[in-house]
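In: structure for this input, please:
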Amino acid sequence: QLQLVESGGGWVQPGGSLRLSCAASGFTLDYYAIGWFRQAPGKEREGVSCIDHRGGSTKYAESVKGRFTISRDNAKNTVYLQMNSLKPEDTAVYYCAAVWGMANMKSNLYDYWGQGTQVTVSS
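Out: From the prediction side, this is the model:
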């Protein structure tokens, strides 16, 4: 069974940090680009960041540039999203997704999705 599982979410105060992980089971991520998306209550899902299958190319939403860093360890079949300087507006459910193809932040192009992990930023 092909599966993506996110972990690392939780509650953090503004200015804090979290590292999300996206682990794959049932398939290897070596040939997949990975995207991180988030959805806040009452809002549409939005792309946060993405990384190509080798990790050589990354993209970020303007709202997270300079604060979030995406990386991958294909040996561990895992992709990470390091989130620093978190703001209340970063509060959302974060999802990772895999696509056989170019890295992009168009959610409708992704083939596999995780179940999401909640990130809450508040004081």
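In: from here on, just use CA atoms for contacts and neighbour counts.
Out: Noted.
In: what residue is smack in the middle of the chain?
Out: Nearest to the mean C-alpha position of the chain, counting by C-alpha atoms, centre = their mean, stands W36 at 2.6 Å.
In: which element is it on?
Out: Using DSSP states H and E, W36 sits in strand 33-39.
In: and W113, by the same measure?
Out: Going by DSSP H and E, W113 is part of strand 112-113.
In: partners of the helix or strand following that strand in the sheet?
Out: Using DSSP H and E, the helix or strand that follows strand 112-113 towards the C-terminus is strand 117-121. Strand 117-121 has its sheet partners listed here by DSSP bridges as strand 10-12 (parallel), strand 92-99 (antiparallel).
In: export strand 117-121 to PDB, keeping only CA atoms.
Out: The C-alpha coordinates for strand 117-121 follow below in PDB (Å, rounded to 0.1, in the frame of the first residue of the first chain):
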ATOM      1  CA  THR A 117      -0.500  17.100  10.600                       C
ATOM      2  CA  GLN A 118      -1.900  20.100  12.600                       C
ATOM      3  CA  VAL A 119       0.400  23.100  13.200                       C
ATOM      4  CA  THR A 120      -0.900  25.700  15.700                       C
ATOM      5  CA  VAL A 121       1.000  28.900  16.300                       C
END
